[in-house]
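Novice: Give me coordinates for this.
(chains A and B)
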Amino acid sequence: MTTDNFSPARTRFAPSPTGNPHVGNIRTAIFAFLWARRTGGHFLLRIEDTDRNRLVEGSIEYIKDSLRWLGIDWDEGPDIGGPYEPYIQSERLPLYKEVAEQLIKDGHAYYCYCTPARLEAVNKAKQAQKLPSGYDRRCRTISQPEIDEALAAGIKPTVRFKVPLEGKTVVHDLIVKTSTVENSTIQDAVLIKSDGFPTYHLAHIVDDHAMKITHVIRTQEWLPSAPLHVMIYQALGWKMPEMVHAPVILNPPGQKGKLSKRDNAVAVSQYRELGYLPEALLNFLVLLGWSYDDKTEFFTLAELIEKFDIARIQPTPARFNLDKLDWTNAHYINHILSPEDFARRSLPFLGEAGLITPAEVAEPGEKLAFIAAACGLVKDKVKTLSEIPGEIDMLFKPAEALEYPTNDLIGKNTGPVEVVKILEAIIDHLEKVPEAQYQDRDALYQGLDTLWQPLGLVNRGLLFWPPRVALSGRTKSPDLMGMMIVLGRAETIKRLELARQKLLAQ
RNA sequence: GGCGCAUUCGUCUAGCGGCCUAGGACGCAUCCCUCUCAAGGAUGAGAUCACGGGUUCGAAUCCCGUAUGCGCUACCA
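Specialist: Predicted structure coming up:
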């Protein structure tokens, strides 16, 4: 519980449905969500589907899945409704039209009959003269005969905002310091496109006002158009919400520009598939551009809700650092996740690798104990869930499937003859060990540990090396005793015997 | 090109005029632990606080300029 008396904020995440959400956008959504929760307010999801050309089927589900996976829920939205529904812009067209007409009536907007071809020509001419590009505002003074002609030619007009030609506009922002812009540098932006759909500039203002949004939290990409938005609010006589322009996320060190999918995973779903935990991704993302103090690195969602503060968001863009994400994820896996939780979350990855069946992924049943034991062997070493199968696949495969160079069995030992003796001693020992001792990792270790000195080895490492390779087929493997227990005594002895045969056959 | 924003170790950051000979974290190096690999523990290298001017008794902290980075410059968001 927080004792601060912030007034309840209404924030929103308003993505356009153009595919799988990008971690940059999602981080902004996280900020908005946390601020709403911190202040005891509301967080809404609104779909901004005004660009009919960029719609991607299924996007709304992708967006909701990404948010839900991260543990972010919303109080109002397209699926659950709310007091200001609908929450999909394409279903709110009359509202935008009404506001646009009001602006025209009040002299703050006008119809524009210019064709795309003409706009392009104007821009090219301006650029050739090294002037700032942009619309020449021709239709502000277009004559009636010209209008009639355009209409007769079948031109569907757009509606443009009539930017004041003089003066300055000031944008106040909670992250970036106040910025001031000469009105003359701002374009007469299109408010309603010729297809009748509004642009972002109009639609988000109409909706934020209608939905009583108190904090417009978005990325700094919007900062240059914020003065335009301020002017539209002024023309409408509406109260401005607080502006919060969060920094963008940059590519990893060495790569220029903002985080791009050219060389990096950018979708939340990709990180899920790569084996990152939602709580780790969230923790990492929130710390990219925000900090609580000079030392806290790990936060639960509840702690974030308690401690998040917009005022502590950095104004500077941060680079996406995969090493730090890996470290964060590893910490969650190694130290925060319970063994049961770890095993449960590993199921899809084991299934993907073909180590268990799809049916077992859904319901492992009796096999769960084995899976949990196997996964438990690598819980403290794995950085991502997707690494698990590659670390423990030998425990799922039959002994005969292990393939490894015979020489690996020897390691630092003096030669095959000596290693055969080691394997025989271990087999002999394991055959006699009482079951209770076999099942007890420490007892099993202590028993085996008595073997190396009688064999004349200079250290215990020489004793443990051959069985490691024999059981795993690798020189790097999970804990030896752990593997023995998971495999069971019979399978263990079988693998040791196979290794012995391999050496003898050499 | 124009407009805007930003600028503390390679990276993420603490710092809001004296506590800073700048603290923490990732990464890196060395050592310890040790049945391999990890994890863990310890230590270390690494930032003249982008640069140049001011303001002030005093500046990483305030102001100005330059440089650099980032963003925008669509009937996309």
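Novice: per-residue confidence at A:Lys256?
Specialist: Looking at A:Lys256, its pLDDT reads 90.
Novice: Helix, strand, or coil at it?
Specialist: coil (DSSP: H, G, I helix; E, B strand; the rest coil).
Novice: Look up how far A:Arg27 lies from it.
Specialist: 20 Å (Cβ to Cβ, to the nearest Å). The C-beta positions use only the backbone N, C-alpha and C, and glycine is treated the same way.
Novice: Also A:Asp309?
Specialist: Distance of A:Asp309 to A:Arg27, given as Cβ to Cβ: 16 Å.
Novice: How about A:Gln453?
Specialist: 58 Å.
Novice: Those two - which one has more neighbours?
Specialist: A:Arg27 (27 against 12; other Cβ atoms under 10 Å).
Novice: Who are the contact partners of that one?
Specialist: A:Ala246, A:Ile249, A:Leu285, A:Val286, A:Leu288, A:Gly289 (Cβ atoms under 8 Å, 6 or more residues apart in numbering).
Novice: For RNA strand B, state which of these is nearest.
Specialist: RNA strand B lies nearest to A:Gly289 out of these, by Cβ to the nearest atom of the strand, at 3.9 Å.
Novice: quick one: contacts for that closest one?
Specialist: A:Arg27, A:Ala246, A:Pro247, A:Ile249, A:Ile313, A:Gln314, A:Thr316, A:Pro317, A:Ala318.
Novice: For the third one, which non-adjacent residue is closest in space?
Specialist: Put plainly, it is A:Pro247. Sequence neighbours aside, A:Pro317 is the residue nearest to A:Pro247 in space, at 4.4 Å (criterion: Cβ to Cβ, 6 or more residues apart in numbering).
Novice: how many other residues sit next to A:Glu120?
Specialist: A:Glu120: 11 neighbours (other Cβ under 10 Å).
Novice: Please read the previous query as pertaining to A:Tyr96.
Specialist: Neighbours around A:Tyr96, by other Cβ under 10 Å: 23.
Novice: Hmm, A:Thr199 and it touching each other?
Specialist: No: the pair A:Tyr96 / A:Thr199 is not scored as a contact, 9.3 Å apart, by Cβ atoms under 8 Å.
Novice: Now for those two: what residues contact both?
Specialist: Joint contacts of A:Tyr96 and A:Thr199 (Cβ under 8 Å, 6+ apart) are A:Ile192.
Novice: A:Val170: which element?
Specialist: Assigned by DSSP states H and E, A:Val170 belongs to strand A:168-171.
Novice: anything in whichever helix or strand comes after that strand near RNA strand B?
Specialist: Later in the chain than strand A:168-171, the nearest helix or strand by DSSP H and E is strand A:179-182. Yes: applying Cβ under 7 Å from any atom of the strand, one finds strand A:179-182 in contact with RNA strand B at A:Ser179, A:Thr180, A:Val181, A:Glu182.
Novice: I'd like the next helix or strand past strand A:179-182.
Specialist: Counting by DSSP H and E, what follows strand A:179-182 is strand A:190-192.
Novice: I'd like to know which elements that next one is packed against.
Specialist: Helices and strands touching strand A:190-192, by 3 or more Cβ pairs under 8 Å, 6 or more residues apart in numbering; DSSP states H and E, are helix A:93-105, strand A:158-161, helix A:200-210.
Novice: For A:Ile192, find the nearest of those.
Specialist: Closest to A:Ile192 of these is strand A:158-161 (Cβ to Cβ; 3.9 Å).
Novice: Please state the offset of that closest one from the chain centre?
Specialist: Distance of strand A:158-161 from the chain centroid (Cα atoms, centre = their mean, to the nearest Å) equals 37 Å.
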